[in-house]
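Trainee: missing the sequence, but the structure's below:
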């Protein structure tokens, strides 16, 4: 990706006003002008996606829903496993992002992969029970994120898999098994990301761990392009829906 293209994307995410009366229009305002160049820039910022998607092993003939899946780039991480799925739905509230996803589906020749413009907090987006639901850097952009996770849980089969990768900040006093971020990290990143309507929170992990059986959890941090001294914290979590829920 060229430096000039990077500058254009940086302008879109940093200085261009985000307008809209509701969440859908605000997301389209934010992503509409940068959808075409989104993947190349975000690949260097949004870490952990490859590891999380590659760690999920869907059963043969699985139904997989990618919530807030945007341009469909997440599905590149599935490799040949994508051909074993019976259905895969990329759900996003931004039509501009889904237009890029449709081009990717056609270019890759992916069978059984489709796009759906929908609000993931409004209830199940498909009628049949699903095997896998994933969120890649989308949960922090959903104002009512607990509703989005409730939607995911309601769609999953018992024993089904949920995967989430996103920015976050730790609680001031997390459990001994989890990372503890310093005051600067816990204070700075919510302010930094709020400019783009991204809201990292210490509550994602606590919610996921209380509503799903944890399979994997990885906590780390990643550099920010052109800002070498800053590292944004992120996590990826894989869990299982409990039997009988």
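Mentor: Arrived safely, thanks for sending. The shown structure was predicted, so the numbers you read here are calculated from the model rather than taken from an experiment. Numbers count the residues shown, from 1 in each chain.
Trainee: where along this protein do the strands fall?
Mentor: Ranges of strands in the chain, per DSSP state E, are 63-67, 87-92, 113-117, 130-136, 156-167, 213-224, 227-240.
Trainee: Can you say which of the ones you listed is nearest to residue 198?
Mentor: Residue 198 lies closest to strand 156-167 among the strands of the chain, at 6.7 Å (Cβ to Cβ). (C-beta placed from N, C-alpha, C; glycine too.)
Trainee: Against which helices or strands is the closest one packed?
Mentor: The contact analysis (3 or more Cβ pairs under 8 Å, 6 or more residues apart in numbering; DSSP states H and E) places strand 156-167 against helix 49-55, strand 130-136, helix 145-155, helix 203-211, strand 227-240.
Trainee: mean pLDDT lowest for which of the ones you listed?
Mentor: Mean pLDDT values for the helices and strands packed on strand 156-167 show the minimum at strand 227-240, a mean of 90.
Trainee: Sheet partners, orientation included, of it?
Mentor: If you go by DSSP bridges, strand 227-240 pairs up with strand 156-167 (antiparallel), strand 213-224 (antiparallel).
Trainee: Could you dump those strands into a markdown table with distance to residue 49 and mean neighbour count added?
Mentor: Converted to a markdown table, those look like this (distance: least, Cβ to Cβ, whole Å; neighbours: other Cβ atoms under 10 Å):
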| stretch | distance to residue 49 | mean neighbour count |
| --- | --- | --- |
| strand 156-167 | 5 | 22 |
| strand 213-224 | 11 | 14 |
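Trainee: from memory residue 185 sits against residue 169, does it?
Mentor: Yes: between residue 185 and residue 169 there is a contact under Cβ atoms under 8 Å: 6.3 Å.
Trainee: Name the residues contacting each of those two.
Mentor: residue 233 (Cβ atoms under 8 Å, 6 or more residues apart in numbering).
Trainee: Just give the number of residues close to residue 93.
Mentor: Residues lying near residue 93 (other Cβ atoms under 10 Å) number 25.
Trainee: before we move on, the earlier item: dump the helices and strands packed on strand 156-167 into CSV; add mean neighbour count and distance to residue 62 as well.
Mentor: Listed next are the helices and strands packed on strand 156-167 as CSV, based on neighbours: other Cβ atoms under 10 Å; distance: least, Cβ to Cβ, whole Å:
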stretch, mean neighbour count, distance to residue 62
helix 49-55, 18, 13
strand 130-136, 25, 4
helix 145-155, 20, 13
helix 203-211, 16, 21
strand 227-240, 17, 14
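Trainee: Great, nothing more from me.
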